[in-house]
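Trainee: only geometry, no sequence info:
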């Protein structure tokens, strides 16, 4: 089969799927992306396209998202036209619709079936916007959010089938979208993401490796930002350190912003929180590790005594499910997308996002009474294996959805 994948930031949600398909052999796989230094995968041809147009900084806010999407869409469809002219006409297109890349594909391949990834529908209710009183919305915010939704509104009519990874994300979309959306996670490699009691982490300023025998608290986010609760985490740290004088706190994440607004502090959110609570911290036991390689991230979670995951109601992080797969004991924010994946007291421990005292108290209790919480990690792993495992749960469903759209002689065999 000829498969075309589309994602602005390759591989995105398709990391495992494209590698599995390539390993089967017999398929011609092309990945269309804007990412100039995209990772290379054996058996996958990467084609980089440029956006045809991007909105200027002073573009009218209500139309900026669509202007950018239209530029991405025209750039992507121009690249698709070149592929078709060179003899590659896909049997199916699978891609993320959020940046508008698939918007005009029907003009070039009108009969090719398409599956679109529908990640998020914007609103001032039920999501991160307007959730935190520290970041109040303006009177114009509802209209700007609605303006973002032009892209999925257009693309729901482009694709044959839509896909969302969680029910919470699907339910963000209008009900008239739901019949077209199948819900299935991208998939977690639970066969690779396992607990490892022999894991070690070396930090430059400590003369020995840290292991699971140490008292380790971890926090991880791609970037340290309010959407992922970094500010509430930092407010909880002094209380954790005061109660547990031997605990070391390891923080993974960059200093940019992936989601939400930027801090007005000249040092960014990290500088803002240092100004607020820095005088209360024991800096010798607080370690900022930045963005680390994937293997190092795994080792850090594997030695963690208690992992903290704080998120506003938003797209569920892969790191939460990956940490559950590695049997981490997790203290997480009690919000709807987290509750979909985690049951309080059984597979994790849910706390009020806005209550640093409660966050700290729950972490301290885990550190003080690890035997009382020893069931959490194994139960979390079982849940992820049963519900989100890539090979046994998610992959078969994704293949089923693909095969339902292509002729019998093109269908993908599950081995």
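Mentor: Yep, it's here. Just so you know, these numbers come straight off a predicted model, no measurement behind them. Numbers count the residues shown, from 1 in each chain.

Trainee: which ones are touching the residue lying closest to residue 50 once chain neighbours are set aside?
Mentor: The shortest distance from residue 50 to any non-neighbouring residue, by CB to CB, 6 or more residues apart in numbering, is to residue 75 (5.4 Å). From N, CA and C alone the C-beta is placed, and that goes for glycine too. By CB atoms under 8 Å, 6 or more residues apart in numbering, the contact list for residue 75 reads 34, 49-52.

Trainee: ok so residue 75 is a helix residue?
Mentor: Yes. Assessed by DSSP: H, G, I helix; E, B strand; the rest coil, residue 75 belongs to a helix.

Trainee: Buried residues, stretch 2-15. List them.
Mentor: Neighbour-count burial for stretch 2-15 flags 2-8, 10-15 (criterion: 16 or more other CB atoms under 10 Å).

Trainee: If I look at the spatially most central residue of the chain, what pLDDT would I see?
Mentor: Centrality entry for the chain: nearest residue to the mean C-alpha point is residue 317, 3.9 Å, by CA atoms, centre = their mean. Here the pLDDT value assigned to residue 317 is 96.

Trainee: ok now do it, which residues does it touch?
Mentor: 221, 228, 309, 311.

Trainee: ok, back up a step: between the buried residues of stretch 2-15, which is nearest residue 214?
Mentor: residue 15 (31.4 Å; CB to CB).

Trainee: Which strands or helices does whichever helix or strand the closest one is part of pack on?
Mentor: Using DSSP states H and E, residue 15 falls within helix 15-24. Helices and strands touching helix 15-24, by 3 or more CB pairs under 8 Å, 6 or more residues apart in numbering; DSSP states H and E, are strand 28-33, strand 44-48, helix 395-403.

Trainee: Sheet-wise, list the partners of the first one with their directions.
Mentor: Which is strand 28-33. Sheet partners assigned to strand 28-33 using DSSP bridges are listed as strand 2-6 (parallel), strand 44-48 (parallel).

Trainee: so which of these comes closest to residue 22?
Mentor: Minimum separation from residue 22 across these (CB to CB) falls at strand 44-48, 5.4 Å.

Trainee: Can you point out the buried residues in that closest one?
Mentor: 44, 46-47.

Trainee: Give me the mean pLDDT for that strand.
Mentor: On average, strand 44-48 scores 98.

Trainee: again, but for stretch 211-226
Mentor: pLDDT averaged over stretch 211-226 gives 96.

Trainee: tell me which residues in it are buried?
Mentor: Neighbour counts over stretch 211-226 (16+ other CB under 10 Å) mark 212, 214-226 as buried.

Trainee: Which residue ranges of the stretch 51-200 of the chain form strands?
Mentor: Assigned by DSSP state E, counting those that start in this stretch, the stretch 51-200 of the chain shows strands spanning 92-96, 114-117, 161-164, 181-183.

Trainee: For the longest one, name the packing helices and strands.
Mentor: Using 3+ CB pairs under 8 Å, 6+ apart, the elements in contact with strand 92-96 are strand 2-6, strand 114-117.

Trainee: mean confidence for stretch 190-207?
Mentor: 93.

Trainee: and if you look at stretch 247-254?
Mentor: 96.

Trainee: One more: stretch 374-390?
Mentor: Rounded mean pLDDT across stretch 374-390 is 98.

Trainee: which sections of the chain are below the confidence cut-off?
Mentor: Within the chain, no range satisfies pLDDT under 70.

Trainee: Which parts of it are helices?
Mentor: 15-24, 61-85, 141-148, 150-155, 167-172, 175-178, 230-243, 268-277, 294-302, 318-325, 336-341, 356-368, 376-388, 395-403 (DSSP state H).

Trainee: Would you mind measuring from the residue nearest to residue 55 when sequence neighbours are not counted to residue 392?
Mentor: Spatial nearest neighbour of residue 55, chain neighbours left out: residue 67 (4.1 Å); criterion: CB to CB, 6+ apart. Here the distance between residue 67 and residue 392 works out to 43 Å (CB to CB, to the nearest Å).

Trainee: quick one: which of the two has more around it?
Mentor: residue 67 (16 against 13; other CB atoms under 10 Å).

Trainee: Please verify my assumption that the more buried one contacts residue 53.
Mentor: Yes. Counting by CB atoms under 8 Å, residue 53 is a contact partner of residue 67 at 7.2 Å.

Trainee: from the buried residues of stretch 2-15, which is closest to residue 57?
Mentor: Nearest to residue 57, judged by CB to CB, of these is residue 8 at 19.9 Å.

Trainee: Could you count how many residues lie near the closest residue in space to residue 17 that isn't next to it in sequence?
Mentor: Excluding the flanking residues, the one nearest residue 17 by CB to CB, 6+ apart is residue 398, at 6.1 Å. Neighbours of residue 398 under the rule other CB under 10 Å: 24.

Trainee: before we move on, the earlier item: out of the buried residues of strand 44-48, the closest to residue 291 would be?
Mentor: Nearest to residue 291 among those, with distances taken as CB to CB, is residue 46, at 22.6 Å.

Trainee: ok now do the closest one, which residues does it touch?
Mentor: Residue 46 neighbours (CB under 8 Å, 6+ apart): 10, 30-31, 33, 38, 40.

Trainee: Mind giving me the ChimeraX command for buried ones among those?
Mentor: Under the burial definition 16+ other CB under 10 Å, those of the contacts of residue 46 that qualify are selected in ChimeraX by:
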select :10,30,31,33,38
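
Trainee: For the contacts of residue 46, which two are the farthest from each other?
Mentor: Using CB to CB, the two most remote members of those are 30 and 40, lying 13.1 Å apart.

Trainee: quick one on the thing from earlier: put together CSV for the buried residues of stretch 211-226, with distance to residue 242 on each row.
Mentor: Converted to CSV, the buried residues of stretch 211-226 look like this (distance: CB to CB, whole Å):
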residue, distance to residue 242
212, 23
214, 18
215, 14
216, 17
217, 13
218, 19
219, 17
220, 23
221, 24
222, 29
223, 28
224, 22
225, 26
226, 24
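
Trainee: tell me the two of those that are most distant?
Mentor: Most distant of the buried residues of stretch 211-226, by CB to CB, are 212 and 226, 30.6 Å apart.

Trainee: roughly how far apart are the nearest residue to residue 100 once chain neighbours are set aside and residue 153?
Mentor: Distances taken as CB to CB, 6+ apart place residue 69 nearest to residue 100, at 2.6 Å, with adjacent residues excluded. Going from residue 69 to residue 153 by CB to CB gives 11 Å.
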